[in-house]
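A.B. asks: the sequence and its predicted three-dimensional model are supplied below.
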Amino acid sequence: MSLKGPGENREELDTRAFSVVEQVVALGQAERSDWEKARLKLSATIPGKATESNGYWSDVSVVAVLTEKATNTRVSARLDSRTEGGREWTGTLELCRFDHVDRAVLSVHVVATADGVPGRVIATSEPEKEWVVDLRAEAPLRQRELDVVEIGFREGPEWLRPFRDVPWVVDTSGELPAVHVNTDFEGITDLVGGEGSPVEGLVRDLLLAQMCTDVWTAVFHTAIGDLEIEEDGTPLFPHDWRGEVLREMLPDVVPGRSGEEALREVHRHRTGTSGWIDLQPRIHFAATRRAEVPKALSTTIRGLDRLHRGNDS
């Protein structure tokens, strides 16, 4: 992987900017701030059945496609086979910095002429094996990190001042959700970030689980309330973190349905005359599971019990 700045000079991307395990390339903290294009060196292993036509297809080719839904940008590159009829294909794909704003997904497709029709896709990469190219992230992580801001609400931004009596507020209006922790709330900063006594440690873990529950609940309601709707009334998954949140939580909110079916069901309940209230327990259940509240609470109960028995002895 290399970055190109003004002119023709290129520099190799630091290995810390990508992760083979996470399958993520992070360009948010590239070594050079003036980069204009990034060139990705690609290698793909294709199933043998896809390259062995057996008379069903011909003119097999392999194409890598980089897609970013936020900008509706798609960049493709044809790969070359290392050997005739082989499974190993290589090539490069170049993306322009100013064509992208967020996350792009890199997938691989096997294309052939089938039944006399050229350009048919006969195989494609599985979603979990697709790479992510993130133009904002500073670390190559699959899951995005939540932004935590410590600030005093009393003298802080005007919109935070009405909440001066609460320990934190979840803000979902930005590019990524953020938790604003109220440093004016006595003891909250030391409790959340400190290394206190065993009891304080138990309380801290339980407090963080509650905070995460509030975050998951807030981001779900934000995501489901800001859907793009097709002309026939079908709701679409959002392109950014909102889509990620919905795909993560919907299996617990509407179990036993596909993602698209679950999204339609929840949208119908939210916009209909009834049923939205009935879904709230499921939404809360999904949020507490992701925040690992049961685990945190069980750990706290067991920890307090051990401390109590220790004091008695």
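C.D. replies: Received the coordinates, thanks. Since the structure is predicted, the reported quantities are computational estimates derived from the model, not experimental observations. Numbering: from 1, shown residues only.
A.B. asks: just the buried residues of stretch 208-225, please?
C.D. replies: Under the neighbour-count criterion of 16 or more other C-beta atoms under 10 Å, stretch 208-225 has 209-213, 215-224 buried. From N, CA and C alone the C-beta is placed, and that goes for glycine too.
A.B. asks: scratch that, stretch 285-293 is what I was asking about
C.D. replies: Going by neighbour count (16+ other C-beta under 10 Å), the buried part of stretch 285-293 is 286-288, 290-293.
A.B. asks: tell me where the model's unsure across the chain.
C.D. replies: Applying pLDDT under 70 to the chain flags residues 1, 8, 53-55, 84-85, 143-146, 194-196, 311-313.
A.B. asks: which residues of it fall in helices?
C.D. replies: Secondary structure of the chain, counting by DSSP state H: helices at 48-51, 188-193, 198-224, 241-253, 259-271, 276-290, 293-312.
A.B. asks: can you say which of these is nearest to residue 19?
C.D. replies: In terms of C-beta to C-beta, the element of these nearest to residue 19 is helix 241-253, at 17.9 Å.
A.B. asks: still on that earlier bit, may I see the helices of the chain arranged in a markdown table, with distance to residue 235 as well?
C.D. replies: Formatted as a markdown table, those follow (distance: least, C-beta to C-beta, whole Å):
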| stretch | distance to residue 235 |
| --- | --- |
| helix 48-51 | 34 |
| helix 188-193 | 36 |
| helix 198-224 | 9 |
| helix 241-253 | 10 |
| helix 259-271 | 4 |
| helix 276-290 | 14 |
| helix 293-312 | 29 |
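A.B. asks: out of the ones you listed, nearest to residue 122?
C.D. replies: Nearest of the helices of the chain to residue 122, taken as C-beta to C-beta: helix 48-51 at 6.0 Å.
A.B. asks: distance from the chain centre to that closest one, please.
C.D. replies: How far helix 48-51 lies from its chain's middle: 32 Å, per C-alpha atoms, centre = their mean, to the nearest Å.
A.B. asks: from now on call the first residue 332
C.D. replies: Renumbered: residue one is now 332, and that last one reads helix 379-382.
A.B. asks: how about the CA coordinates for it, as CSV?
C.D. replies: Provided in CSV are the C-alpha atoms of helix 379-382 (Å, rounded to 0.1, in the frame of the first residue of the first chain):
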residue,chain,number,x,y,z
GLY,A,379,-11.5,-23.7,-8.1
LYS,A,380,-15.1,-24.2,-9.2
ALA,A,381,-15.3,-20.5,-10.2
THR,A,382,-12.4,-20.8,-12.7
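A.B. asks: just checking, what packs against that helix?
C.D. replies: Helices and strands touching helix 379-382, as assessed by 3 or more C-beta pairs under 8 Å, 6 or more residues apart in numbering; DSSP states H and E, comprise strand 448-455.
A.B. asks: neighbouring contacts of stretch 381-396?
C.D. replies: Stretch 381-396 is contacted from outside by 373, 375, 377, 405-410, 412, 416-418, 420, 422, 424, 437-445, 449, 451, 453-454, using C-beta atoms under 8 Å, 6 or more residues apart in numbering.
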